[in-house]
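K.L.:
please work out how this folds:
(chains A and B)
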Amino acid sequence: MNSEANFVTLHPMDVRKPPLLRRSVLRDLFSSAGSSVATVLLAAVFLYALPKAINWVFISSVWPGGSGELCRATNGACWAFLWDKLRQILFGIYPPSEQWRPITVTILILVMGLVTLPPRYWRRWLLGLWLSGFVVSIILMRGGAMGLAYVPTTDWGGLPVTLLLAICSLGMGFPCAVALALGRRAEAPAVRYLCITIIEVVRGVPLVSLLFVASILLPLMLPQGMSIDKLLRAGIALTIFSAAYLAEIIRGGLQSLPKGQVEAAKALSLSWAQTILLIILPQAIRSVIPPLTNTAIVLIKNTSLVLIVGLYDLLSSARAALTDPNWPTPYTETYLFIAGIYFVICFGLSRYSNWIEMMLRARNGR
Amino acid sequence: MTYRTHQNTNFGDRRMDVSTQAIQMKGMEKWYGSYHALRGINLEVSRGERVVVCGPSGSGKSTLIRCINALERHEGGNLTVNGVELNNDIRSVEEIRRETGMVFQHFNLFPHLTVLENCTLAPIWVKRIRRAEAEDIAMHYLKRVKIPEHANKYPGQLSGGQQQRVAIARALCMNPSIMLFDEPTSALDPEMVKEVLDTMASLAGDGMTMVCVTHEMGFARHVADRVVFMDEGQIVEINTPDQFFSRPQHDRTRAFLEKIL
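P.N.:
Got it, this is the predicted structure:
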């Protein structure tokens, strides 16, 4: 024992619990005069609107089985319309006798999406599953093969179109984005400036103008007798748009990696491609999951813009359904329904990416 | 190279090259922009030799060691590693990198892979060894650096000393004949320096050729065959540890030793 020490503890101190700090919601709402007034005002607005909303949704509303006349006679919601037009909203003007095909495609895409969720399934076969799933979906929708009646893309509509466009723009846009991001950091000036130009031009114009170029200008510029399907052109426009936006996010991820990672890979004799695929991209993408999710959600909702070039995605199918003279035009109900579908997809994606992030953080012990 | 060599952990006797020199540098030059970082470096390292490179910061010692496996490219003079001259031919770079393992100051483990995956990645992808065999080799070296129990953890869950030992194991899994250490203990908490130095000393005991940039003078004294002192991009003095510490030849060496000892 050190006899010269001024102070020596002989017994280790007990571990004690930290003091309890509780925040009360009520105290926060009335913490000052200003916030008390705001609380009361907002509560008044809420209490005023709530009974009206309940009345509109539940009491005066017309439920499935009701008719257009009943809907016209009430000031409540016309749920009967949604029920009656469900197939048209979800699948557009696809021939009713063949509607099992878009239903199958929608279920197929949902199942593939669910299979993709657990990270332990992120193997090479999953990529194969998506590619073959996409091809099968297109064949099922288009027909003209294996005894299926041919349905031109102009007759496709609704949810499958939205889902296929979203998969196409994200699934093909992502690899393009990786290529653009890597190209923008390339040492060769020609590659670098080409990538910068593509990214900046595409980001600099509105998506609407890109869709117009794809749907109107492109056919004029193509040589005579050659034509590309309108839906495909819109898909390509969306893909290019997604690629430019995602590329900048991925570039941010690439820049956040310390130089030592590449050096360690080089010292271990890994090739350039192996370094990119095994070391750089997995880390770069993990570090930008939040902005990546954000942009993915925006891009999924952006697919609804194909309506302005005359394609029938979910939103335009719903608008088309509203033109039936036997029914009043319940815009609110229809748009609420469409918004609900988008919300389920986007909120699900957001929660999922949160979960992935938490899991990765737990694994890194940070 | 067979699995047996790994099991025996025999580093010294399996190269077929007739030359006894592991590394030869002749008049090596390097610039960063207009800054002259390496000025006419001449140095030979024999097989099985342990060389410690020291010197003040900015003296070019890191640049020197990073030139050996072409992380930095020398811009004048010659560099030969195990009889292969490093030139603009990409194959010479590949060949030399396969002969050398490197340990970095900041470990540079791959944080998204487990300890085991860090060790098996290059053997599987570069040497095309089957996964099961690569895992056996990795576990063998993880046992050598005394952390087999952490094989399935991620680097972020380990202490600095443990991470650096994993980095050593990862380099050894590629079965290199030369190990390069670039300030391997400088980023470590003091109480973890010893475990890393002990690992390096045990490696030296097995006859591995080692070039080591370090400020650990105790390690230099006890493990090195020769000590190289660098200042302002030049090699000022090369000496045995005994002579280097007790009778430094050069004024600059003396001034440096006074500051750090």
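K.L.:
for chain A, longest helix please?
P.N.:
Criterion DSSP state H: the longest helix present in chain A is helix A:331-363.
K.L.:
return the residues in contact with the residue nearest the centre of chain B.
P.N.:
Of all residues in chain B, the one closest to the mean position by C-alpha atoms, centre = their mean is B:Leu180, 1.1 Å from it. B:Leu180 makes contact with B:65, B:68-69, B:100-103, B:210-212, according to C-beta atoms under 8 Å, 6 or more residues apart in numbering or on different chains. The C-beta positions use only the backbone N, C-alpha and C, and glycine is treated the same way.
K.L.:
need the residues of the stretch 201-350 of chain A near chain B, please.
P.N.:
A:258, A:260-261, A:263-264, A:266-271, A:274, A:278-279, A:282-283, A:286 (C-beta under 8 Å from any C-beta of the partner chain).
K.L.:
just the buried ones from those, in PyMOL syntax?
P.N.:
Those of those that count as buried under 16 or more other C-beta atoms under 10 Å in any protein chain shown are selected in PyMOL with:
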select buried, chain A and resi 261+263+264+266+267+268+269+270+274+278+279+283+286
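K.L.:
so which of the residues of the stretch 201-350 of chain A next to chain B are in strands?
P.N.:
Per DSSP state E, strands hold no members of those.
K.L.:
quick one: the helices in the stretch 201-350 of chain A?
P.N.:
With DSSP state H, counting those that start in this stretch, the ranges of helices along the stretch 201-350 of chain A come out as A:207-212, A:218-221, A:230-255, A:259-267, A:272-274, A:281-287, A:289-302, A:314-321, A:331-363.
K.L.:
repeat that for chain B.
P.N.:
Using DSSP H, the helices of chain B run over residues B:3-8, B:61-68, B:90-99, B:115-125, B:131-144, B:160-172, B:190-205, B:217-223, B:241-246, B:251-260.
K.L.:
pick the most deeply packed of these.
P.N.:
helix B:160-172 (a mean of 25; mean count of other C-beta atoms under 10 Å in any protein chain shown).
K.L.:
that helix packs against which elements?
P.N.:
Packing contacts for helix B:160-172, counted by 3 or more C-beta pairs under 8 Å, 6 or more residues apart in numbering or on different chains; DSSP states H and E, involve strand B:100-103, helix B:115-125, helix B:131-144, strand B:178-182, helix B:190-205.
K.L.:
rewinding a little: between the helices of the stretch 201-350 of chain A, which gets nearest to A:Ser67?
P.N.:
Comparison of the helices of the stretch 201-350 of chain A against A:Ser67 by C-beta to C-beta identifies helix A:331-363 as nearest, at 15.1 Å.
K.L.:
rewinding a little: could you pick out which of the contacts of B:Leu180 are near chain A?
P.N.:
Among those, the residues lying close to chain A (C-beta under 8 Å from any C-beta) are B:69, B:100-102.
K.L.:
farthest pair within those residues?
P.N.:
Most distant of the ones next to chain A among the contacts of B:Leu180, by C-beta to C-beta, are B:Asn69 and B:Gly101, 8.6 Å apart.
K.L.:
more crowded one of these two?
P.N.:
For the pair B:Asn69 and B:Gly101, the greater number of neighbours falls to B:Gly101 (28 against 24), based on other C-beta atoms under 10 Å in any protein chain shown.
K.L.:
now the more buried one: how far from B:Ala171?
P.N.:
Distance, B:Gly101 to B:Ala171, by C-beta to C-beta, to the nearest Å: 3 Å.
K.L.:
overlap in contacts, the two.
P.N.:
Common contact partners of B:Gly101 and B:Ala171 (C-beta under 8 Å, 6+ apart): A:267, B:179.
K.L.:
interface residues of the stretch 101-250 of chain B facing chain A?
P.N.:
With C-beta under 8 Å from any C-beta as the criterion, the stretch 101-250 of chain B meets chain A at residues B:101-102, B:104, B:106, B:108-112, B:121-122, B:125-126, B:153-154, B:156-157, B:170-171, B:174.
K.L.:
just send the helices of the stretch 201-350 of chain A back as JSON lines, with mean pLDDT too.
P.N.:
What follows is the helices of the stretch 201-350 of chain A, written out as JSON lines (pLDDT from 0 to 100):
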{"stretch": "helix A:207-212", "mean pLDDT": "91"}
{"stretch": "helix A:218-221", "mean pLDDT": "82"}
{"stretch": "helix A:230-255", "mean pLDDT": "93"}
{"stretch": "helix A:259-267", "mean pLDDT": "96"}
{"stretch": "helix A:272-274", "mean pLDDT": "94"}
{"stretch": "helix A:281-287", "mean pLDDT": "92"}
{"stretch": "helix A:289-302", "mean pLDDT": "92"}
{"stretch": "helix A:314-321", "mean pLDDT": "88"}
{"stretch": "helix A:331-363", "mean pLDDT": "90"}
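K.L.:
wait, B:Ile124 touches B:Arg131, no?
P.N.:
Yes: using C-beta atoms under 8 Å, B:Ile124 is in contact with B:Arg131, at 5.9 Å.
K.L.:
gap between the two ends of stretch A:114-125?
P.N.:
Stretch A:114-125 has an end-to-end distance of 15 Å (C-alpha to C-alpha, to the nearest Å).
K.L.:
about what we covered before: common neighbours of B:Asn69 and B:Gly101, please.
P.N.:
Joint contacts of B:Asn69 and B:Gly101 (C-beta under 8 Å, 6+ apart) are A:267, B:180.
K.L.:
closest one to B:His140 among the helices of the stretch 201-350 of chain A?
P.N.:
Between these, helix A:259-267 lies closest to B:His140; by C-beta to C-beta that is 20.5 Å.
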